[in-house]
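A.B. asks: sequence below, structure please.
(chains A and B)
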Amino acid sequence: MAPKAELSRAKRKHKGGEEPVKKRSRSESSDDNDSGSQSDSDVGDRHAKIVQLEKEVLESRKHYNNITTLISLAQGRDSEDDEVAVVAAVSLCRVFIRLLAAGSLTKKKGASEKEDTVVRWLRERLSEYRKVLTAMLREEQAALAATTLSMRLLKAEAQYLNGTGEYSFPGASFSEFVTGLMRPEVDDSVRAEFVEKFVDEYDDIRYYAFRTLREILSESSAAAMGEETVLNIFDFLTSIEGVPDASEELDFYIDPPTKKTHPLRTLSQHKKQAQEAWMALMRLGLNKPQKKKVLEIMATSIAPWFTKPELLMDFLTDCYNEGGSVSLLALSGVFFLIQERNLDYPLFYSKLYSLLDADLLHSKHRSRFFRLLDTFLASSHLPAVLVASFVKRLARLALNAPPSAIVAIVPWMYNVLKKHPLCTFMIHRVPRTPEEKAQIEAEGLADPFLPDETDPMETRAIESCLWEIVQLQSHYHPNVATIAKIISEQFTKQVYNLEDFLDHSYQSLIEAEMHKEVKKPPVVEFMIPKRIFTSAEPGSDEKNSLLVDLWDFSPQS
Amino acid sequence: MAGSQLKRLKASLREQGIIGPQQSKKQKRKQAEDLKGRNDKRLQRSAVLENIREQFNPFQFKTNARGPKFDVTTNKPASSGLAIKGRPGLSKAMGEQQRRETLLVEMERRNKVGGIIDRRFGEDDPNMTPEEKALQRFTLEKQRLHKKRSMFDLEDDDDAGVALTHFGKKLDLDGEPIVDDFDEDDLPSGDEDDSETERKRLKRQRWESVAEEAEERDNEEPERKKTKKEVMEEVIAKSKLHKYERQAAKEEDEELRAELDKDLSDVRNLLFSRWKPGQEDKNPNEKPLIPGLEKSALEKEYDVRLRQMIQDQRAKPAMRTKTEEEIAEKAAEKLKELEEKRLKRMRGEEVSDDEESDEDETKSKKKKKGKLADADHRMDDEEDDEFGLGAGIKKLRPTAAELGFDDEDDFEIDDDLVAGSDAELEFDSDDDMSSIASDDGALEGGDDDNDDDDFAKYLAEVDQKEQKDRISREADNMPTEKDSDGVPYTFSCPESFGELERTLRMIPESKYPTVVQRIRALYHPKLAASNKEKMANFSRALVKYIGYMSRGEPNYAVVETLIRHVHSLAKTYPIEIANEFREMLKEVSIGEDKTAPFNLDSGHLVLLTAVGTIFPTSDHFHQVVTPAMLVISRYLGQGVPTSLSHYATGAYLAILALQFQQLSKRYVPELINFCLDTMCALAPEKISSNPAFFHMLEPPAGCRIRKCQNKAPRRLNYKDTKGYTGPTGKTDPDIQKLSILNTTLSILKAAAETWSGKAAFTETFSPALPVISHLLSPSCRPHLPATLIASLTQTSSYLAHALKAAHLARRNLELHHHKPLAIKTAVPKFEDSFDPDKHYDPDRERAELAKLRAEHKREKKGAMRELRKDARFLARENLQRKKIVDEAYEKKYKRLVAEIQSTEGKASNDYDREREARRRSNKRRG
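C.D. replies: The predicted structure follows:
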């Protein structure tokens, strides 16, 4: 404490000036309403005044009423000036932190009733201030400042509010803040800032953020919250990264509890909170694009949080069963569970086979799927019949596929055929008996493959041949044609690296052609055709080209 | 050699004649008299002695003590005695010397700052005489100054920096006193000397005048300092003046020389006339004439004669006129060759370059022969069958009738024709600039007509021929009366799209071919060197213009002719035209605009068509066709239908893609996909499920055919590709839909025809059947007109038939009747001429690495050895220095001790003496 004499002097000095100051500030704020705008010097005045008010509060309890003034300033309802509100909020923050540090907000045993009233009153003001800060989050300029202030206040509260020195996290005020942050009115950048500065930095903040989010998601129904809030929470969750590696490396914003067994100090508890938050979100039922997004980041940002990935089983299998691109995306998750967690997915290969539909080769997840497919069919212990079904089905699809897909399919087939020599009957089958040969000569041959069969074990693909790939050997694109030829060459290469063939598109193929300079003069058709657009004279023996036959080039009126 | 070292030494000395038996006095005197040889002998003697000394020093050479270890292992001749492997003494001395020069100097200079290095030339060289030194110094000085001369030095004769002195006085080379007699002014020895002295004299004057001026100025206003600008101005003015003076002097000289030259010819004439008296008789009048004038005339005549002689054509053996059969055979052969080459390219085999150039050669030859060949084109129809082409090819490929007789090539001007009108043509092209500039319709200029009468005639001829060709289909395309066309005869060559557009703006569309033809004739590359480039640019512009004009509503007969022009140009400028087409493809496919590949307009479509006709689409790979095909298939495969026009454009592209593959019969997956998708999209009812594996897209709204029983499909045209015009437009969307469906059916049928032999024909076309049957189903049938239903059933039955045939023709795949692969051998490989010093590492990289490593090791060792030697040297030097210092110290110490001792001794002596003296005196006293 400062020496008494000094204090009293200060008191005396301010006693006279107190009332007028207050009054002036009030009157000025009302002035603001009238004038609407004010000069810079005026703003400076107000800042000075705020500082003045703050000083007074800290000097003596008698000036506690200034807090109300400051709060009303910070609310900024009556003044249009954001800056003033921010300055007021900042000074309020300082005030409350000092008060908290001084223990003015803690109830002491044996305190008089009057003091209790003061404490209660101050606590009310504090919560009012918190509301103000939460409201400030919605304003673009003030939002970042409000975030910082809230967090600083939070720290002070945690340190001093209960007064016992034991660890306590002001959960209520934090959840209030987070809820406010998730509101649709709050800008995305504010949340991003919060994640970057606090959530990713401090593990305890993340821990409680997850907990709060889970509470938000589980307490109220999604409908009450509104679509946008859910979306915000979704984005917020996806943006949280950096799973901690060990319990020792946790960073805390607020001094951590000393007890080693406290949930905050164990890694598994952190993960559990994240897991529960995610589960709460998934339980709400996501729509298709959201599902896609979740599945896309599943491996990188979600799965590491899960101590029990089995919990994802339902979600993943649901997605996998949905069909279309969602199942393509869910595939990797399901595979992970099968591989690591012993998930029993009945008829996995049948399901996989059913994914090979007309749209697969045109999908943008094509290369992702191929990487997985390559893994699934990598085992040499799979029945050849099953593998043959996949090969044949893909060959069928290749007949209608873009060149970039064919380019990936053929080397994959080569690898599979190399691994499953039984399947090579599909490219080389000599009739065994002369009778059989004669029969084929006489009656021709039907493809024994059953395209509509859903069970890959029953398609009879292994009895069929890969005529489709042979046809693609005369593909219009020279490189595709050359690649397709590898299945009729001798199989001398051990394996093709699939990665080299996966990521192509029309664009990349055209660009590859176009980036080459024309150095050698291109061959020009020697004969100049007599007709291009005009049709032949009726009497002559010339024949029209296809174009002229099918297209009308006569002048249109 | 036996005996001791001493004995051997004596023997060798004797052998060399250095010592010998004692000489008599007589001999000695004789030798002394022979003074001349004495010096020489002494030198020889010392050399011999040196040699002997070396021979007898056993440490001077490094040898293998016992000779090579295994004589048999080397194929070098067994060295006589011991081969010298190295001279350690010598190399050691050399190293020492080098160190002394570098390291020692460095060591001595260490911890020292500053110092003066004597850089005077030859200061320490005792071998130079003072004269030599002076001369060398002077030349060096000169050279240095010469090099330093700045580029912008105005006063370049300034040699104030160097001046020779003699006894401290300045030696002036220009000075009067030492001008040699033969250099006097009045007797110029030669042109150069003359000008030189003149110049020198002028310079002298200049110097004097400058000095005078300076003096004057000094006198007038000595205190005022000139500004820099003024000085500069003065300098510049002065230099200009000097320059002018020099020029004037030079001109004077020139005049003088010219006069002299004139006289010289006179003199020569006199001389020659004396030697050749015969000439006098022939030209008696020539001699007295003024020779200068006569000579020029003579020379001119001579030149003309010479040129005529050069141009005189030597008699050449004429080509034998070929019979018609021979010509036909030749043409057929040519065709066959071309076809073979095409097939080779189609299979993707390399067509060798010489063949290629050969082809070009023959092509150009062919052009010349074209006129001859045309008479016999009937023959070629029979020849065509030899190539093993089916009937389908024949109708699509132009028959040999057109070979070398393409009308666009007709006006490739014959050589003789050009030679005849060469001058006029050139004049004309010069003239046309002005005529165009003065008047757009150059036709009014009557002089034009007069000027190139021949050329006009030629053009008329060409035009008439053109007209004959076309007159049947285009009634009045090219009127014979050219004046009424309003098409000028001459143009400036348009070299960019803008210029071409400006040229063609005033001209009716139907006359474009005439214009292009005239431009091509006017700027034929054979007419001027620059025309080649001009035509190249023109052809690029033309390609662009075709795209541009097709965006409107062009007359396709005209577009066709223009494309044919481009085709003909492409034979000469393949790279330029190919680049222009690629430019278009690039613009469509690789741009910022992601929708560009799916917004093809009719200009693009026409250009893509042109690509298909100009370049061989059957090639395995082609710089233009392959990307064009990719652009087409991308549209077909990835385009998301937004309107009916999308389907129409797609239909056009599908036709194009199919036409591209008519010869090579390559499969285009996107085409089938597109056709089936289109049929499903246009079907009155949505098909219940995807009947096969083709990629179905959601059709845009209002696409389905509804209640069109009474409408008839027509052929599609370019208008259908240009956006949806709505019911107010002329095109009825319903009819458009029907037409698209109808066209798609035709495409499907044509595709089935084209790919009839394909391995997976069944898989490719069987999905079409359920789609067609869906269209014929009771839910769809009522909406379709009868004609369409008829064509549907027809297509369906055709496909069913084709599928049946394919079923019959199908066999199991037997792709791997390869020769079995040999097992890798593990037998070690033996080298016939194995060298143990060589490394036989099959891995090239590893071998190189090993080599590098060995070299590194060797170098490292060498460097370390050198460093050690350096250290040793330094230590030795230091020790030596220390020894010197110590010695000096010791000496000094001893000297001091001795000095002290001597002083001491002296003092003790003195003492003794004193004591003695005292004692004595004491005695005396006592």
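A.B. asks: residue of the stretch 301-450 of chain A closest to chain B, please.
C.D. replies: A:Gly444 (3.7 Å; CB to the nearest CB). The C-beta positions use only the backbone N, C-alpha and C, and glycine is treated the same way.
A.B. asks: isn't that residue up against B:Leu803?
C.D. replies: No - judged on CB atoms under 8 Å, A:Gly444 makes no contact with B:Leu803 at a distance of 10.6 Å.
A.B. asks: hang on, the earlier thing: so what's the residue count around the residue of the stretch 301-450 of chain A closest to chain B?
C.D. replies: A:Gly444 sits with 16 neighbouring residues when counted by other CB atoms under 10 Å in any protein chain shown.
A.B. asks: and for A:Leu58?
C.D. replies: Neighbours of A:Leu58 (other CB under 10 Å): 16.
A.B. asks: that one in helix, strand or coil?
C.D. replies: Following DSSP: H, G, I helix; E, B strand; the rest coil, we place A:Leu58 in the helix state.
A.B. asks: tell me where the stretch 251-400 of chain B has helices.
C.D. replies: Counting by DSSP state H, counting those that start in this stretch, the stretch 251-400 of chain B has helices at residues B:278-282, B:291-311, B:324-346, B:353-373, B:380-384, B:391-396.
A.B. asks: just the CA trace of stretch B:786-800, in CSV.
C.D. replies: What follows is stretch B:786-800, C-alpha atoms only, in CSV (Å, rounded to 0.1, in the frame of the first residue of the first chain):
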residue,chain,number,x,y,z
ALA,B,786,-42.2,-40.9,-88.2
THR,B,787,-39.1,-40.2,-90.1
LEU,B,788,-37.1,-40.2,-87.0
ILE,B,789,-38.6,-43.5,-85.8
ALA,B,790,-37.8,-44.9,-89.2
SER,B,791,-34.2,-43.9,-88.9
LEU,B,792,-34.1,-45.2,-85.3
THR,B,793,-35.3,-48.6,-86.3
GLN,B,794,-32.9,-48.6,-89.2
THR,B,795,-29.9,-47.7,-87.0
SER,B,796,-31.0,-50.2,-84.5
SER,B,797,-31.2,-53.0,-87.0
TYR,B,798,-28.0,-52.0,-88.6
LEU,B,799,-26.3,-52.1,-85.2
ALA,B,800,-27.8,-55.4,-84.4
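A.B. asks: picking up where we left off before, from A:Ile528, how far off is the residue of the stretch 301-450 of chain A closest to chain B?
C.D. replies: In this view, A:Gly444 and A:Ile528 are 43 Å apart by CB to CB, to the nearest Å.
A.B. asks: do the same with B:Val625
C.D. replies: As defined by CB to CB, B:Val625 lies at a distance of 17 Å from A:Ile528.
A.B. asks: do the same with B:Ala760
C.D. replies: 36 Å.
A.B. asks: which ones are touching the residue of the stretch 301-450 of chain A closest to chain B?
C.D. replies: Applying CB atoms under 8 Å, 6 or more residues apart in numbering or on different chains to A:Gly444 gives the contacts B:His807, B:Leu808, B:Ala809, B:Arg810.
A.B. asks: and the first one, how far from B:Glu499?
C.D. replies: Put plainly, it is B:His807. B:His807 sits 61 Å away from B:Glu499, going by CB to CB.
A.B. asks: please apply the same query to the second one.
C.D. replies: With the distance defined as CB to CB, B:Leu808 ends up 61 Å from B:Glu499.
A.B. asks: which one of these two is surrounded by more residues?
C.D. replies: Using other CB under 10 Å as the criterion, B:Leu808 and B:Glu499 rank with B:Glu499 on top: 16 against 13.
A.B. asks: quick check: next helix or strand after the host helix or strand of the more buried one?
C.D. replies: Under the criterion of DSSP states H and E, B:Glu499 resides in helix B:497-505. Proceeding N to C from helix B:497-505, the next assigned helix or strand is helix B:512-522, under DSSP H and E.
A.B. asks: any bit of that following helix sitting next to chain A?
C.D. replies: No - using CB under 8 Å from any CB of the partner chain, helix B:512-522 stays clear of chain A, with a minimum separation of 12.9 Å.
A.B. asks: just stretch B:681-697 next, same as before
C.D. replies: Yes - using CB under 8 Å from any CB, stretch B:681-697 reaches chain A at B:Asn690, B:Ala692, B:Phe693, B:Phe694, B:His695, B:Met696.
A.B. asks: any idea which element A:Ala395 lies in?
C.D. replies: Here A:Ala395 sits within helix A:384-398, counting by DSSP H and E.
A.B. asks: so which bits of that helix are buried?
C.D. replies: Using 16 or more other CB atoms under 10 Å in any protein chain shown as the test for burial, helix A:384-398 gives A:384-398.
A.B. asks: report how many residues lie close to whatever residue of the stretch 51-200 of chain A ends up closest to chain B.
C.D. replies: Closest contact between the stretch 51-200 of chain A and chain B, by CB to the nearest CB, is at A:Asp188 (25.7 Å). By the measure other CB under 10 Å, the count of residues near A:Asp188 is 11.
A.B. asks: okay, B:Phe491 and chain A: tell me how far apart.
C.D. replies: Look at B:Phe491 and chain A: by CB to the nearest CB, to the nearest Å, they are 23 Å apart.
A.B. asks: what's the burial count for that residue?
C.D. replies: Around B:Phe491 there are 22 residues (other CB under 10 Å).
A.B. asks: wouldn't it be in contact with B:Arg518 here?
C.D. replies: Yes - under the criterion of CB under 8 Å, B:Phe491 makes contact with B:Arg518 at 6.7 Å.
A.B. asks: excluding its backbone neighbours, what's nearest the residue of the stretch 51-200 of chain A closest to chain B?
C.D. replies: The shortest distance from A:Asp188 to any non-neighbouring residue, by CB to CB, 6 or more residues apart in numbering or on different chains, is to A:Asp235 (7.1 Å).
A.B. asks: what residues sit buried inside the helix holding B:Glu499?
C.D. replies: Neighbour count says helix B:497-505 has B:Phe497, B:Glu499, B:Leu500, B:Thr503, B:Leu504 buried, by 16+ other CB under 10 Å.
A.B. asks: of those, closest to chain A?
C.D. replies: Nearest to chain A out of the buried residues of helix B:497-505 is B:Leu504 (CB to the nearest CB; 18.6 Å).
A.B. asks: read off the pLDDT value for the closest one.
C.D. replies: At B:Leu504, the model reports a pLDDT of 83.
A.B. asks: which other helices and strands contact the helix or strand B:Gly905 falls within?
C.D. replies: Per DSSP H and E: B:Gly905 is located in helix B:844-925. For helix B:844-925, the packing partners by 3 or more CB pairs under 8 Å, 6 or more residues apart in numbering or on different chains; DSSP states H and E come out as helix B:88-101, helix B:103-109.
A.B. asks: okay if I get those helices as CSV plus mean neighbour count and distance to chain A?
C.D. replies: Putting the helices and strands packed on helix B:844-925 into CSV (neighbours: other CB atoms under 10 Å in any protein chain shown; distance: least, CB to the nearest CB, whole Å) gives the following:
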stretch, mean neighbour count, distance to chain A
helix B:88-101, 12, 55
helix B:103-109, 13, 57
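A.B. asks: just put those in TSV and tack on mean pLDDT.
C.D. replies: What follows is the helices and strands packed on helix B:844-925, written out as TSV (pLDDT from 0 to 100):
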stretch	mean pLDDT
helix B:88-101	89
helix B:103-109	86
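A.B. asks: need the residue closest to the centroid of chain A.
C.D. replies: A:Thr238 (4.2 Å; CA atoms, centre = their mean).
A.B. asks: wait, it touches A:Glu296, no?
C.D. replies: No - using CB under 8 Å, A:Thr238 is not in contact with A:Glu296; the gap is 9.5 Å.
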